[in-house]
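Student: compute the structure for the input listed below.
(one chain, ligands or ions: 1)
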Amino acid sequence: MELQLALDLVDIPEAKEIVNEVAEYIDIVEIGTPVVINEGLRAVKELKEAFPSLRVLADLKIMDAGGYEVMKASEAGASIITVLGVSDDSTIRGAVEEAKKQNTKVMVDMINVKNIEERAREIDQMGVDYICVHSGYDHQAAGISSFDDLLTIKRVVKQAKTAIAGGIKLNTLPQVIAAGPDLVIVGGGITSQADKRAAASEMKQLVSKA
Ligand SMILES: O=C([C@H](O)CO)[C@H](O)[C@H](O)COP(=O)(O)O
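Tutor: Model (predicted):
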């Protein structure tokens, strides 16, 4: 099981500062959607240059033009790029095809997918690398968690790796780990802690044991 740090509410210098603190405890660093909106793919490029041994995920949440956007993010240095599960199949297939050419990977974010079981089965047949259940900020504010969705995809997904994101904290991590995702994605659970290094270290210890 791997740990991904999501960076959302920071600029590029702040992102580098946080990764400097926690790099040894994370497997993947995510350039979150708000960072891409504010800073562009330059954020992906700069983080990859600063931390070449870390995989960088570009959380583009692609909804259209899958092939083109995967190409641009891959050229910037992303190892993994996100595409939305609610997108048309052609968008997901285009993203997968381009990622194969670029030797990068596609993560499908199931945020707002209503029929998780059926859509996860379909997407699993499209050759994607990860399927990620996700309760985004707006769902978190409404008290919605994606834990049940994780149990669903663990049951039906056969090819892709499974991942979970959204509001995971140290106290909820053991329950998440028990469900056995391949990748756990944590943003505020690390970045909003006074001691980010300690939080990342404790999380990495738990994730590594699983
Ligand atoms: O993808 C995310 C969200 O939609 C904002 O872009 C976050 O990276 C994801 O939710 C993980 O962050 P936390 O919820 O703070 O753990």
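Student: middle-most residue in the chain, spatially?
Tutor: In the chain, the centroid-proximal residue (Cα atoms, centre = their mean) is Ile185; its distance is 5.8 Å.
Student: which residues does the residue of the chain found nearest the ligand contact?
Tutor: Using Cβ to the nearest ligand atom, the closest approach of the chain to the ligand is made by Gly187 at 2.5 Å. For the C-beta atoms, the positions are set from N, CA and C on the backbone; glycine is no exception. For Gly187, the contacting residues are 5-8, 30, 32, 165, taking Cβ atoms under 8 Å, 6 or more residues apart in numbering as the criterion.
Student: can you list the residues you listed in CSV and add pLDDT, distance to the ligand and neighbour count?
Tutor: As requested, these are exported to CSV (pLDDT from 0 to 100; distance: Cβ to the nearest ligand atom, whole Å; neighbours: other Cβ atoms under 10 Å):
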residue, pLDDT, distance to the ligand, neighbour count
Leu5, 98, 9, 27
Ala6, 98, 3, 24
Leu7, 98, 8, 24
Asp8, 98, 5, 17
Glu30, 98, 6, 28
Gly32, 98, 4, 25
Ala165, 98, 4, 26
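Student: out of the residues you listed, which one sits closest to Ser192?
Tutor: Closest to Ser192 out of the contacts of Gly187 is Asp8 (10.5 Å), distances taken as Cβ to Cβ.
Student: is it true that that closest one touches Val36?
Tutor: No: with contact taken as Cβ atoms under 8 Å, Asp8 and Val36 are classed as non-touching, separated by 9.9 Å.
Student: what lines up beside the helix or strand hosting the residue nearest to the centre of the chain in the sheet?
Tutor: Under the criterion DSSP states H and E, the helix or strand holding Ile185 is strand 183-186. Sheet pairing for strand 183-186, assigned by DSSP bridges, gives strand 2-7 (parallel), strand 161-165 (parallel).
Student: and the helix or strand just after that strand, what does it pack onto?
Tutor: Read in the C-terminal direction, the helix or strand following strand 183-186 is helix 188-191, with elements assigned using DSSP H and E. Using 3 or more Cβ pairs under 8 Å, 6 or more residues apart in numbering; DSSP states H and E as the contact test, the elements touching helix 188-191 are strand 2-7, helix 12-22, helix 196-209.
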